[in-house]
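Participant: Structure, please.
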Amino acid sequence: MRSNPGGGNAIEKVLAVLEALPAHERVTDIAAATGLPKSTVHRILQSLVDRQFALPTGNGSYVGGPRILSLAGQVMGRHNPAQHAETALRELCEDTGCTVHFALLDADQAVYAAKLEGDKPYQMPSRIGRGIRLHCTGIGKAILAELPPASVDAIVERTGLEARTPRTVTEPEALRRQLDEVRSRGWAYDDEENEPGILCIAAAVRGHTGAVIGGISVATITLDPWRSPVERLAARVRRAAAEVSAALGAPSDAGSGPGSGPGADPVSGS
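Facilitator: Residues are numbered from 1 along each chain as shown. Take a look at the predicted model:
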């Protein structure tokens, strides 16, 4: 909600009413939420009704109209999550010097939607459009940790727990314990579990409904140690994941926790 819309121009007042409409139906409640006079709210709502952005339901109540749904459908039809994540991913890459990945959940796997190479003399074997397993990757475990246990069990039953490397967790109970740890601290770690010699730190990304839709990660090789302690890097990755989630319209309280907000420690580039 915009602060002090009552002191803004007409556009600010209209936007404030539109933003309040999903959570408040009555003119009195919308006025209280926006700080606008009831007469102003009523006048704006009448204009929104005329343009089908709102619909009256009787007894002074209103809901979103078909024009909102139509516009939302058009926007989502052309929605490119990677484009919305670009700024946060670029800053994460610059701050850490690591390769940065953004992957989206696709049925029982995740698919790389964006990749930025770090300032290293080597490149990661990953590529945009490539699918990755969930049980043995940082991004995959960050996603699984946010899914209901029954959904995780169903995915494991369908896909199995392939041993990608000698470090891959292949027992369901061991995976559950790992996911409990991920859920508790808010980030996941891939310690050569998907590719020999590659380490990843990852955090989940949420969409406009608040549900997990993917994750981001920083990656390096075992021969090139992390520039900063893992906990500091993890805090930076969580902050970037929160920024990407916000850019995708996730509710502000979705997936909040230590290390995910603007006040998280920056990562030293030295």
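Participant: Residue 57 - that's part of a strand, no?
Facilitator: Yes - judged by DSSP: H, G, I helix; E, B strand; the rest coil, residue 57 forms part of a strand.
Participant: Please work out the average pLDDT along the helix or strand hosting residue 150.
Facilitator: Assigned by DSSP states H and E, residue 150 belongs to helix 149-159. Average pLDDT, helix 149-159: 94.
Participant: in the first helix or strand past it going along the chain, what's buried?
Facilitator: Downstream of helix 149-159, the first helix or strand assigned by DSSP H and E is helix 172-185. Buried residues in helix 172-185, counted by 16 or more other CB atoms under 10 Å: 175, 178, 179, 182, 185. Where you see a C-beta, it was placed from the backbone N, CA and C, and this is true even at glycine.
Participant: And the strands in this structure?
Facilitator: Listed in chain order, the strands of the chain (DSSP state E) span 54-58, 61-64, 99-106, 109-116, 131-132, 188-191, 198-206, 212-221.
Participant: any residues touching the first one, and which ones?
Facilitator: Outside of strand 54-58, the residues that reach it under the criterion CB atoms under 8 Å, 6 or more residues apart in numbering are 21, 25, 45, 48, 49, 62, 63, 64, 65, 66.
Participant: Could you list the low-confidence segments of the stretch 151-270 of the chain?
Facilitator: For the stretch 151-270 of the chain, applying pLDDT under 70 flags the ranges 254-270.
Participant: so residue 105 touches residue 212, yeah?
Facilitator: Yes - assessed by CB atoms under 8 Å, residue 105 is found in contact with residue 212 at 6.9 Å.
Participant: Between those two, which contacts overlap?
Facilitator: Common contacts of residue 105 and residue 212, defined by CB under 8 Å, 6+ apart, comprise residue 143.
Participant: still on that earlier bit, and the helix holding residue 150, what does it pack against?
Facilitator: When contacts are defined as 3 or more CB pairs under 8 Å, 6 or more residues apart in numbering; DSSP states H and E, helix 149-159 sits against helix 172-185.
Participant: what's the angle from the helix it packs on to strand 198-206?
Facilitator: 70 degrees (axes from the mean of the first three to the mean of the last three CA atoms, to 10 degrees).
Participant: Relative to the whole chain's centre, how far out is helix 172-185?
Facilitator: 20 Å (CA atoms, centre = their mean, to the nearest Å).
Participant: now the angle between helix 149-159 and it, please.
Facilitator: Going by the same axes, to 10 degrees, helix 172-185 makes 140 degrees with helix 149-159.
Participant: Could you list every helix and strand in contact with helix 172-185?
Facilitator: Helix 172-185 packs on helix 138-144, helix 149-159, going by 3+ CB pairs under 8 Å, 6+ apart.
Participant: Next, the contact list for the closest residue to residue 243 other than its chain neighbours, please.
Facilitator: Once flanking residues are discounted, residue 243 sits nearest to residue 88: 4.0 Å by CB to CB, 6 or more residues apart in numbering. Applying CB under 8 Å, 6+ apart, we find residue 88 in contact with 216, 240, 243, 244, 247.
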